[in-house]
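Asks: Prediction below, plus the sequence it came from.
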Amino acid sequence: MSLLDPVWTSLLYLVAAVFFILALRGLSSPRTARRGNLIGAAGALIAVVTVFLSSRLENIPWILAAIVVGSAVAAPVARRVKMTQMPQLVALFNGVGGGAAALVALLELSHAGDPWVRLAIVFTLLVGAVSFAGSGVTFAKLQELMTTRPVVFPGLPAVMAAVLLAAVAAAAVVVFTGSLPLASLLLVLGLAAGILLVLPVGGADVPIVISLLNAFTGLAVAASGLVLGNVLLVVAGTLVGASGTILTRAMAAAMGRSVAGILFGAFRGGSTAGSTAVSERPVRSSSAEDVAVLLGYAQRVIIVPGYGLAVAQGQHTAAELALALESRGIEVDFAIHPVAGRMPGHMNVLLAEANVPYESLKEMGEINPEFKTADVALVVGANDVVNPAAKTSAGSPIYGMPILEVAEARQVVFLKRSMRPGFAGIENDLLYEPQTSLLFGDAKDSLAQVLGAVKAL
């Protein structure tokens, strides 16, 4: 016997759904993202408690044990993960969601007599399996457990087409017959499709694919809500699917690419990753003292943070350097590219941790016209998002991607660990220009040396 009548159950589900919507609204800005996360967590708690109080559950000890085990694994991982590894964590969590939806659908098949319900089941099976397997490959690429370059082989398009056709045929039979063996085959075909979908994607585009797979998981969860007759799952899954789709399109636009080009560009012989060879052309190296003089006697400085800053955990030193320059009457801003780092908002969150004022974080569209007024553009651990090849080299894998126009600044200083290319695997010709100088070393250490030298001026 349930402890909640249907009216209270529906009301609590409505409250949880409103919390999820407010959470998405909060996550739209770094200023409110923390509050948005807490609201979303509260909505999830309301939903879980409502299920327990309104349903006639069996095997409650097993359910509670699964919750305890999952929490014991997830909580320490989420607390200890580095900010630079957040995309990998998102990929794993997203894959688990898709896989769970697929397994639930498979178990529900034996209870489904209505062909329309079986249609929702096969959709959940296929899309959930694609999300699970694809998310596993994205994790492996970002974690560098496998090559980040596109993986293609002769006949790959034909193999993918055959897998999809077989999946459609199996799905049709399952809808009309409810065959469990064919449903299991459909699950396997979905896993194969997920792997084949992500293998040809280059490392620089993997974060966009994570967002797309997140949308897939949302759609699978929404369909599983139809299977289980749970309105909240339909609402939550639809929200995730819609927001993931919007984010995917926004990220693709920020890269100057189409989603189809990202997924299938390698089939045409193109590549989303370039050569990892390092040029032997000479560059102009600088010392921390030289960089400090450039910065200390400038009137306008624009700092461009990138993945190297995140890896070095140098955001606090960068913020302290900005304060030291501002104390000398120098105008300082941070230029934020939409896909700097490996996920949208990566740099915003990183600099917010260091208490950089939100007013100092300028998005690409706002800051680009101002580079021509900057005396120094200080690029800290970024490469692809400032690479002029995106505008000048039609054969480049990042061609067409909107970039930060650092080349228009009077002086450009790169803080780099080495001359290795960025995540897209291509060389940056700006490094060899006369107005560019390089300070080699760990970003945090280099910033600390520059900060010390500025204070000594």
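Replies: Looks like it arrived, so ask away.
Asks: got the contact list for residue 351?
Replies: With contacts defined as C-beta atoms under 8 Å, 6 or more residues apart in numbering, the neighbours of residue 351 are 305, 315, 318, 319, 334, 361. All C-beta spots, glycine's among them, are computed from the backbone N, C-alpha and C.
Asks: So which of those wins on neighbours?
Replies: For the contacts of residue 351, the largest neighbour count, defined by other C-beta atoms under 10 Å, is 30 neighbours, found at residue 305.
Asks: I'd guessed it sits against residue 318; true?
Replies: Yes: between residue 305 and residue 318 there is a contact under C-beta atoms under 8 Å: 6.7 Å.
Asks: any common contacting residues for these two?
Replies: Both residue 305 and residue 318 are contacted by 351, 380, under the criterion C-beta under 8 Å, 6+ apart.
Asks: circling back: let's have the contacts of residue 351 in CSV, adding pLDDT and secondary structure.
Replies: Listed next are the contacts of residue 351 as CSV, based on pLDDT from 0 to 100; DSSP: H, G, I helix; E, B strand; the rest coil:
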residue, pLDDT, secondary structure
305, 93, strand
315, 91, helix
318, 94, helix
319, 94, helix
334, 95, strand
361, 91, strand
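Asks: Closest one to residue 260 out of those residues, please.
Replies: Nearest to residue 260 among these is residue 305, at 30.7 Å by C-beta to C-beta.
Asks: what sits against that closest one?
Replies: 315, 318, 334, 336, 340, 347, 350, 351, 380, 381, 382.
Asks: Check the gap between the third one and residue 348 for me.
Replies: Residue 334 sits 9 Å away from residue 348, taking C-beta to C-beta, to the nearest Å as the criterion.
Asks: residues bridging contact with these two, i.e. touching both?
Replies: Overlap of the contact sets of residue 334 and residue 348 (by C-beta under 8 Å, 6+ apart) consists of residue 361.
Asks: circling back to that earlier point, any chance of the contacts of residue 351 in CSV with distance to residue 285 as columns?
Replies: Output for these, formatted as CSV (distance: C-beta to C-beta, whole Å):
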residue, distance to residue 285
305, 21
315, 25
318, 21
319, 26
334, 25
361, 30
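Asks: Quote the end-to-end distance of stretch 414-432.
Replies: In stretch 414-432, first residue to last residue: 11 Å (C-alpha to C-alpha, to the nearest Å).
Asks: burial count for the closest residue to residue 454 other than its chain neighbours?
Replies: With sequence-adjacent residues excluded and distances taken as C-beta to C-beta, 6 or more residues apart in numbering, residue 454 is closest to residue 292, at 4.6 Å. Look at residue 292: counted by other C-beta under 10 Å, it has 23 neighbours.
Asks: tell me which residues of the helix or strand hosting residue 292 are tucked away?
Replies: Residue 292 is part of helix 288-296 when elements are defined by DSSP states H and E. Of the residues in helix 288-296, those buried by neighbour count under the rule 16 or more other C-beta atoms under 10 Å are 288, 290, 291, 292, 294, 295, 296.
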